[in-house]
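>>> Structural data only, the sequence is not supplied:
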Ligand code: TRP
């Protein structure tokens, strides 16, 4: 708790552009949480280097992500939006928690298995202990709730296990976090292969819509989206492409599946795809405009980064000091 509010924590990796999947499934749902919770949203640039990054690009992407948080509507006065690398306690707590996490647990993480298969030439120790750093992120802020997608649930389970293990040895040090299940909308799938999640790392750019794609690009990509040989706009397991488009359209317009099926009855896919493209552009355009304005205002963004780093360090250090004391590290002599 901070004051009378429960704490909510999440982070996004600072690697390149976000897709509408990130927006509709995460960012957008975070916007109003700050009234109810004390919210921290990090730019997880320390996690990013588990895969080789070009330094200038990593720096640029981190700033873009932080700016995008604000453009998407997260108020930087009410939410703590900060760079993970500005808070040394993340790495320090991660080290300590490494000593309370088993190799066996980390070996079972599906993301580790996937990523080590994908980056065979660089299976570094950081990739292996990635979930421990994530646990440190969450536990440092004594988070009650963590909104994450299904792909990160296993990491959150591990976080809980580590926290409970630590607490059982040292007493109540960490709040045990829970997954935050808000309005989740359906998972947004690839436009080219609706059996796969939409991902910005897909080799085919037509598979995803980026938050920064302009209207023409968006409409072009939806026109090329995979559907089926039928012509009916109908939600069904055997129509995964069309169903994904219905989900996206519903998510952007607030209309129900039934309303959408009715709206496009007898119209075929062409009209429907165009409407989906336009609906997505209508949602993204104002964010892109705010983003463009914000990016021009260097001093404002710098001020946000500075103030929020101070705030994050304050809360993180409180927990870190407590943990250090518990494990037996002597206090600094001043
Ligand atoms: N690992 C998360 C992802 O790739 C990002 C992340 C880092 C995170 N630290 C976190 C998410 C803490 C929630 C809480 O999506």
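Here it is on my side, so go on. What you see is a predicted model, and the numbers here were worked out from it, not measured in a lab. Residues are numbered from 1 along each chain as shown.

>>> Now do residue 43 against residue 317, distance only.
Here residue 43 is placed at a distance of 19 Å from residue 317 (C-beta to C-beta, to the nearest Å). Placement of C-beta: from N, CA and C, glycine included.

>>> Pick out whichever of these two has more residues nearby.
residue 43 (26 against 16; other C-beta atoms under 10 Å).

>>> which intervals of this structure have sub-threshold pLDDT?
Residue ranges of the chain with pLDDT under 70: 183-185.

>>> which bits of it sit near the ligand?
Contacts of the chain with the ligand, taken as C-beta under 6 Å from any ligand atom, map to 9-13, 44, 47, 134, 137-138, 146, 148, 152.

>>> Sort out which of the residues you listed are in strands and list them.
Judged by DSSP state E, the subset of the residues of the chain next to the ligand located in strands is 9-13, 44, 146.

>>> which one of those residues is nearest residue 51?
Of all those, residue 51 sits closest to residue 13, with 9.3 Å by C-beta to C-beta.

>>> show me what contacts the closest one?
If you count contacts by C-beta atoms under 8 Å, 6 or more residues apart in numbering, residue 13 has them with 44-45, 47-48.

>>> give me the number of residues near residue 120?
7.

>>> Give the closest residue to residue 92 in space, chain neighbours not counted.
The spatially closest residue to residue 92, leaving aside those adjacent along the chain, is residue 320, at 5.9 Å (C-beta to C-beta, 6 or more residues apart in numbering).

>>> May I see the ChimeraX selection of the buried members of the contacts of residue 13?
What follows is the ChimeraX syntax selecting those of the contacts of residue 13 that are buried according to 16 or more other C-beta atoms under 10 Å:
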select :44,45,47,48
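
>>> got JSON lines for the contacts of residue 13, with distance to residue 22 too?
Output for the contacts of residue 13, formatted as JSON lines (distance: C-beta to C-beta, whole Å):
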{"residue": "44", "distance to residue 22": "13"}
{"residue": "45", "distance to residue 22": "16"}
{"residue": "47", "distance to residue 22": "15"}
{"residue": "48", "distance to residue 22": "15"}
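
>>> Can you tell me which of the contacts of residue 13 lies closest to the ligand?
Among the contacts of residue 13, residue 44 lies closest to the ligand (C-beta to the nearest ligand atom), at 3.8 Å.

>>> Enumerate every residue touching the closest residue to the closest one other than its chain neighbours.
Counting by C-beta to C-beta, 6+ apart, residue 44 lies nearest to residue 11, which is 4.2 Å off, once chain neighbours are set aside. Residue 11 makes contacts with 41-44, 47, 84, 134, 137, as judged by C-beta under 8 Å, 6+ apart.

>>> what's the answer for residue 193, then?
Counting by C-beta under 8 Å, 6+ apart, residue 193 makes contact with 207, 226.

>>> ok now stretch 19-26, how far from the chain's centre?
Distance, stretch centre to chain centre, for stretch 19-26: 8 Å (C-alpha atoms, centre = their mean, to the nearest Å).

>>> now the end-to-end length of it.
End-to-end distance for stretch 19-26: 11 Å, by C-alpha to C-alpha, to the nearest Å.

>>> Stretch 197-211 now?
Start and end residues of stretch 197-211 are separated by 16 Å (C-alpha to C-alpha).

>>> which residues are in contact with that stretch?
Stretch 197-211 has contacts (C-beta under 8 Å, 6+ apart) with 16-23, 68, 72, 151, 187-193, 196, 218, 221-222, 224-225, 280, 284, 287-288.

>>> just stretch 263-278 next, same as before
Against stretch 263-278 from outside (C-beta under 8 Å, 6+ apart): 215, 218-219, 221-223, 225, 227, 231, 233, 242, 245, 248-249, 252, 255.

>>> Just the buried subset of the contacts of stretch 197-211, written out for ChimeraX, thanks.
Buried subset of those, written as a ChimeraX selection, criterion 16+ other C-beta under 10 Å:
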select :16,18,19,20,21,22,23,68,72,188,189,190,191,192,218,221,222,225,280,284,287,288
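
>>> from the contacts of stretch 197-211, which ones fall inside helices?
Taking DSSP state H as the definition of helices, those contribute 20-22, 68, 218, 221-222, 280, 284, 287-288.

>>> Quick check: the farthest pair among those residues?
The most widely separated members of the ones in helices among the contacts of stretch 197-211, counting by C-beta to C-beta, are 68 and 222 (21.7 Å).

>>> burial measure for the residue nearest to residue 92, as a count.
22.
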